[in-house]
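**Student:** What would the 3D arrangement of this be:
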Amino acid sequence: MRLLIFIGAMIFSSVAFPQQSVPETRATGVFQAWLAAFNSGDEAQYKVFDDTYQPKRPMAQIAGFRKQTGGFALVRIEKSDATSITGLVKEKESDNIGRFELTISADDPPKMLGMQVRLIPPPTDLAPKRMSQSDALAALTSHVDAAARDEQFSGAVLVAKNGKVLLEKTWGRADRENNVPVALDTQFRIGSMNKMFTAIAILQLVDANKLSLDDTIGKYLSDYPNKEIASKVTVRHLLTHTGGTGDIFGPDFDKNRLTLKSHADYVTLYGARAPVHEPGATSRYSNYGFVLLGALIEKVSGMSYYDYVQQKVFTPAGMNATASLPETEHVARRSTGYMKKDGKWLLNTDTLPWRGTSAGGGYSTVGDLLRFADALQSGKLVSKALLAEATRNQVEAYGFGFGVRGEGKWQWYGHGGGAPGMNGELRVIPQQGYVLIALSNFDPPAATRVVEFIAARLPEAS
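**Tutor:** Numbering: from 1, shown residues only. Predicted coordinates for the structure are as follows:
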């Protein structure tokens, strides 16, 4: 599903591949030039490539992609002719494998007509090998030790199996200015991971027959400004990102960041917009859709979103360190977020919303997220029947507020969260009994790559 502009690679992989020979065609020549320029990370080389091959998208526009991936290594050519080449590349600093497709014109010199790279499940011969449990955990520790030394990871990691914690460890500093180390009770901003809590709150109201998945939002938000959205978009659409409700980030958010203090404020700002596509026609990730779910929770329950999730989700699960207090309030164990730009560490303060919402932006700990996963699986928060619906593919790779990926016995559900200076990842692998959690106060994909590393190496349950 993901267009690979991969979330990125910040940690080193232990998998090595032989050098791939490349057939000599016009297309492979352009590909080699593209790969060399891309891997250089150098604006001057980008310009030379652009001037020579005139791609539709200038290379400078994918500089962030290059920074996240660390560059690519060619591992396999699958097809090549005079005007196209298809093959596999591996992120230099992770296990990710992508399939690239490059096409050129028949002109002399040729123009690059298209280049895309899509994430694929790694072929068996290119995938990391599974290890014994003890070896996998040792490899993870060594792996993150190296990343932390290179200032590519700061945060906490937890691995559990069948309710038993196998590894819980911290690296880096929660506050670099005051040299405060990360502790197991350090609270990290979790971005879109809040969507899981919102989905469970909605499903609780469904369980209680207080709303239906196929109710329109207009049934409850009767004064919603855009009538097309009010009359066509359902709760199910919002949970699956199929409502066409759009995003919240952009110039309007930047201008109003500190005055958007409630879900109602977001509705006032964005509610007049028309849908970006016909509701139900396709899936397009929508933060605003989850803001609307927060507004629905408030309307149906008669409580603020924050009070509802505190009383109905966090407290029953035993999550005492998870909340969304405003950034203006002091939270003693909340870490500081850091972005790296031009080799310098910068605070993420000026990017943060006034407070987290039902779409994301709260904070938690690795221990609390394990308690959430355990409460989910035990049926404490929502019926097991509704949890099964929430954690199966309702649309490609997404259920009701949960990502759903992996294959066979390794299918998992959970959610990631990422924004400048924050990254988190929770994965529950039911058939294996594993719960994998990483939280970081660095840019994505610092935490995501840690979870990907261990998920690829843990042994299969016997």
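
**Student:** Which neighbouring elements make contact with the host helix or strand of Glu168?
**Tutor:** Here Glu168, judged by DSSP states H and E, is contained in strand 164-171. Counting contacts by 3 or more Cβ pairs under 8 Å, 6 or more residues apart in numbering; DSSP states H and E, strand 164-171 packs against helix 133-149, strand 155-161, helix 366-378. For every residue, glycine as well, the C-beta is placed using N, CA and C.

**Student:** Give me the contacts around that strand.
**Tutor:** 133, 137, 140-141, 144-145, 147-148, 153-160, 181-184, 186, 366-367, 370 (Cβ atoms under 8 Å, 6 or more residues apart in numbering).

**Student:** Just the buried residues out of the residues you listed, in PyMOL syntax.
**Tutor:** In PyMOL, this line selects whichever of those come out buried by 16 or more other Cβ atoms under 10 Å:
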select buried, resi 133+137+140+144+147+148+153+154+155+156+157+158+159+160+182+186+366+367+370
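
**Student:** Please enumerate the helices of the stretch 1-150 of the chain.
**Tutor:** Counting by DSSP state H, counting those that start in this stretch, the stretch 1-150 of the chain has helices at residues 26-40, 43-53, 63-69, 133-149.

**Student:** want to try CSV for those, with distance to Leu88 and mean pLDDT as columns?
**Tutor:** CSV is the format used below for the helices of the stretch 1-150 of the chain (distance: least, Cβ to Cβ, whole Å; pLDDT from 0 to 100):
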stretch, distance to Leu88, mean pLDDT
helix 26-40, 12, 94
helix 43-53, 22, 94
helix 63-69, 14, 81
helix 133-149, 23, 97
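
**Student:** With distance to Gln431 as new columns, can these be given to me in CSV?
**Tutor:** Output for the helices of the stretch 1-150 of the chain, formatted as CSV (distance: least, Cβ to Cβ, whole Å):
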stretch, distance to Gln431
helix 26-40, 38
helix 43-53, 45
helix 63-69, 30
helix 133-149, 16
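
**Student:** For Pro251, which of the ones you listed is the nearest?
**Tutor:** helix 63-69 (18.7 Å; Cβ to Cβ).

**Student:** related to what we said a few turns ago, among the helices and strands packed on strand 164-171, which comes closest to Ala419?
**Tutor:** It is, among these and with distance given as Cβ to Cβ, strand 155-161, at 14.4 Å.

**Student:** what's the distance between the closest one and the middle of its chain?
**Tutor:** 17 Å (Cα atoms, centre = their mean, to the nearest Å).

**Student:** Okay, angle between whichever strand or helix holds Val451 and helix 133-149 too, please.
**Tutor:** Element membership for Val451, per DSSP H and E: helix 446-455. Here helix 446-455 runs at an angle of 160 degrees relative to helix 133-149 (axes from the mean of the first three to the mean of the last three Cα atoms, to 10 degrees).

**Student:** The chain should start at 312 in everything you say after this.
**Tutor:** Fine by me, first position is 312 from now on; the one you just mentioned is helix 757-766.

**Student:** Which other helices and strands does helix 757-766 contact?
**Tutor:** helix 444-460, strand 466-472, strand 723-730, strand 733-740, strand 745-751.

**Student:** And for it, what's in contact with it?
**Tutor:** Everything outside helix 757-766 that qualifies as a contact, by Cβ under 8 Å, 6+ apart, is 318-322, 324, 405-407, 447-448, 450-451, 454-455, 458, 463-466, 468, 470, 721, 723, 727, 729, 734-736, 738, 740, 745, 747-751.

**Student:** change it to 7 Å
**Tutor:** 318, 320-322, 405-406, 447, 451, 454-455, 463-464, 466, 468, 470, 727, 734-736, 738, 747, 749-751 (Cβ atoms under 7 Å, 6 or more residues apart in numbering).

**Student:** first vs last residue of stretch 477-491, how far apart are they?
**Tutor:** This stretch, stretch 477-491, spans 25 Å end to end (Cα to Cα, to the nearest Å).

**Student:** Distance from that stretch to the middle of the chain?
**Tutor:** Averaging C-alpha positions (Cα atoms, centre = their mean) puts stretch 477-491 22 Å from its chain's average.

**Student:** May I have the phi/psi pair for Ile559?
**Tutor:** Backbone torsions for Ile559, taken as degrees, to the nearest 10, come to phi -110, psi -20.

**Student:** any weak-confidence spans in the protein?
**Tutor:** Where the chain drops to pLDDT under 70, the residues are 312-334.

**Student:** Show me it divided up by domain.
**Tutor:** Partitioning the chain according to automatic domain parsing yields domains covering residues 337-437, 444-502+638-766, 508-612.

**Student:** what residues are up against the spatially most central residue of the chain?
**Tutor:** For the chain, Gly727 is the residue whose C-alpha lies nearest the centre (Cα atoms, centre = their mean; 3.9 Å). Neighbouring residues of Gly727 by Cβ under 7 Å, 6+ apart: 503-504, 735-736, 759.

**Student:** And it, how far from Pro536?
**Tutor:** To Pro536, Gly727 is 31 Å away according to Cβ to Cβ, to the nearest Å.

**Student:** May I have the residues that are in contact with the closest residue to Thr759 other than its chain neighbours?
**Tutor:** Nearest residue to Thr759, sequence neighbours excluded (Cβ to Cβ, 6 or more residues apart in numbering): Glu736, at 4.8 Å. Taking Cβ under 7 Å, 6+ apart as the criterion, Glu736 is in contact with 727, 748-749, 758-759, 762.

**Student:** those strands in the stretch 412-561 of the chain, which residues are they?
**Tutor:** 423-431, 466-472, 475-482, 484-486, 491-492, 499-502 (DSSP state E, counting those that start in this stretch).

**Student:** Just the C-alpha atoms of the first one, please, in PDB.
**Tutor:** The C-alpha atoms that make up strand 423-431 are tabulated as PDB, following Å, rounded to 0.1, in the frame of the first residue of the first chain:
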ATOM      1  CA  MET A 423      13.300  10.300 -17.400                       C
ATOM      2  CA  LEU A 424       9.500   9.800 -17.700                       C
ATOM      3  CA  GLY A 425       8.900   8.100 -14.400                       C
ATOM      4  CA  MET A 426      10.500   6.600 -11.300                       C
ATOM      5  CA  GLN A 427       8.800   5.000  -8.400                       C
ATOM      6  CA  VAL A 428       9.800   2.600  -5.600                       C
ATOM      7  CA  ARG A 429       7.200   0.600  -3.700                       C
ATOM      8  CA  LEU A 430       7.700  -1.400  -0.500                       C
ATOM      9  CA  ILE A 431       7.200  -5.100  -1.000                       C
END
